[in-house]
Every structure is written in structure tokens, then in C-alpha cells.
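1. output the structure for:
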Amino acid sequence: MSERAVSSCMITVCRGFEPGRCRFSLVEGGLSSADVDAAVAATGWDDFVKSRARGPLMQHDAFKVALTGCANGCSRPHIMDVGLIRAERPGAADDACTACGLCIRQCPEGALTPMGNDSSCPATMCARPAETPVLDAASCVSCGRCLRRCPEHALPVVAAGWRIVVGGRLGRRPRLATELPGIFDDATALVILDRAARWFMRDHRPGLRFADIVAKSPEGLSALVEGV
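-> This next block holds a predicted model:
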């Protein structure tokens, strides 16, 4: 049975937001739980959901947001209404690369492979050592581990900010959240959060979770990132 909610917006934050608590954390300033709470409050969500609740506000009535400091997702962003995952995406290795292979060995996803194994490598890289890393963008989860392990700092950061997932839930009809395309800065992440909360309010029905709305109307996902 669902328990009473302590707030109409329940925010879960991983320990990576506390200095020195997590070696994988990419958090260096940026958004906090207070920023998220203020953004959701500005939509009028609190008054809205309390006016719709049948009795005391329960946990399943609340809008659930997770803030997580890296791709490990300890605050469970993929089962929340909205999950914000701190991210840093590497670019192609520059001339400082010594082809030591450390980044390749350190990548948990196998997203970096030696150039010698990639017949489609750019012609501008053909004269470089066979162990020069090549990134498979589809496999990369932007965890930033390779960036921090490179002793030559040869991998540039081409995007830093937040991966955003929406529409997750547990319960009798569990659903993993859908990831929006891109990596977003703090301000844009708050815009998307605002839009998600307003989407939930617009299509809200008693007993209906935000995950159900996303699943039934996936075209609404494009509206979350339109113009940002």
C-alpha cells in the first residue's frame, strides 16, 4: 500500500552531490534539489495535485524527480517521472594522445575501441597509431570516466550537462523512463522539467501516472525539447 507523501514533489538525490562522497560524481556546482523544487513549485503543481487528491496526498500522487551525479544512477532516475543524470561526453582524441590505451581499458561500455579496429575512421586520423581511441557515440553513456583517466587530457569535453529521462515508474506496470536526445545545460534542464510537470497537469486523471501519459502519447516527448 502506498504511504503518505512528505511533499507533492519528491526529489531523490544521490550521494555524488555531497563533496567527496562519490569518486564517479561529475557534479561541480550546477543544479541542486532546491532548484528542482522551485522549478516544479512555479508550475502550480502543489496546489493542483492537492486539489485532485482523494484524501491525504500519497506517494503515488507526488511528482518524482531524481538527481544523479553520474551514469551509475544511484538515485534511480529511470523509474522516476523525471530523472536528471549528470553527463560529460568526450570528443575525438587530439594530438596530445599517446595511444596508451588507458581510456579504452577504462570504459565500462566498450564505447572506445582502437582505431586499428575501425575501418571507417576519418582519413585525417589514418596516420595516427593503431591504438588511438575511436568513440562509438551510440554506446557512450557520457559517464566521463575516460576524460578523467587520460593522463594527457587528450580527450576534449564536447558536451557537459544533463541527460534527461522521463516517464519511469515501478508498480504493477513498471516502465523504464525514456531518454530525451541530447545533453542539456542547467537552464534548459529546468525548462524541460517545467514542461514535463505542466504536461502531467494537462493530461492528469485520477489514478493515472505520468509514465502512463508518456507511454500513451510518446509524441509529447518532442514537445519537451522543442526550441531548446
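2. mind listing the helices for this structure?
-> Counting by DSSP state H, one finds helices in the chain at the ranges 33-41, 45-52, 102-106, 145-149, 186-202, 210-216, 220-225.
3. can you dump the C-alpha coordinates of the third one into PDB?
-> Taking C-alpha atoms only, helix 102-106 is exported to PDB below (Å, rounded to 0.1, in the frame of the first residue of the first chain):
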ATOM      1  CA  LEU A 102      44.200   3.500 -20.900                       C
ATOM      2  CA  CYS A 103      40.900   5.200 -21.900                       C
ATOM      3  CA  ILE A 104      39.900   2.100 -23.900                       C
ATOM      4  CA  ARG A 105      40.600  -0.200 -21.000                       C
ATOM      5  CA  GLN A 106      38.700   2.000 -18.500                       C
END
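4. which parts of it are buried?
-> Leu102, Cys103, Ile104 (16 or more other C-beta atoms under 10 Å). In short, each C-beta sits where N, CA and C put it, glycine included.
5. before we move on, the earlier item: quick one: which of the helices of the chain is nearest Glu131?
-> Closest to Glu131 of the helices of the chain, according to C-beta to C-beta: helix 102-106, at 7.5 Å.
6. helices and strands around that closest one, which ones?
-> Here helix 102-106 touches strand 112-114, helix 145-149, going by 3 or more C-beta pairs under 8 Å, 6 or more residues apart in numbering; DSSP states H and E.
7. for Ile164, find the nearest of those.
-> Of these, nearest to Ile164 by C-beta to C-beta is helix 145-149, at 20.5 Å.
8. ok so, going back, reformat the helices and strands packed on helix 102-106 into TSV and put mean pLDDT, mean neighbour count and distance to Ser7 next to each item.
-> Listed next are the helices and strands packed on helix 102-106 as TSV, based on pLDDT from 0 to 100; neighbours: other C-beta atoms under 10 Å; distance: least, C-beta to C-beta, whole Å:
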stretch	mean pLDDT	mean neighbour count	distance to Ser7
strand 112-114	93	18	41
helix 145-149	94	19	34
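9. out of those, which gets nearest to Arg173?
-> That would be helix 145-149 among the helices and strands packed on helix 102-106, by C-beta to C-beta, at 34.1 Å.
10. which residues sit against the closest one?
-> Phe24, Glu88, Pro90, Leu102, Cys103, Gln106, Cys107, Pro108, Leu112, Pro133, Leu155, Val157 (C-beta atoms under 8 Å, 6 or more residues apart in numbering).
11. identify the farthest-apart pair in the residues you listed.
-> Phe24 and Pro133 (19.9 Å).
12. between those two, which one's more packed in?
-> Ranked by neighbour count (other C-beta atoms under 10 Å), Phe24 and Pro133 place Pro133 first, with 25 against 16.
13. can you pull the pLDDT of the more buried one?
-> Pro133 is assigned a predicted lDDT (pLDDT) of 93.
14. ok, now how distant is Ala154 from Gly91?
-> Distance of Ala154 to Gly91, given as C-beta to C-beta, to the nearest Å: 10 Å.
15. those two: which has the busier surroundings?
-> A count of neighbours by other C-beta under 10 Å puts Ala154 above the other of Ala154 and Gly91, at 21 against 12.
16. between the helices and strands packed on helix 102-106, which gets nearest to Arg195?
-> helix 145-149 (30.2 Å).
17. how far off centre is that closest one?
-> 18 Å (C-alpha atoms, centre = their mean, to the nearest Å).
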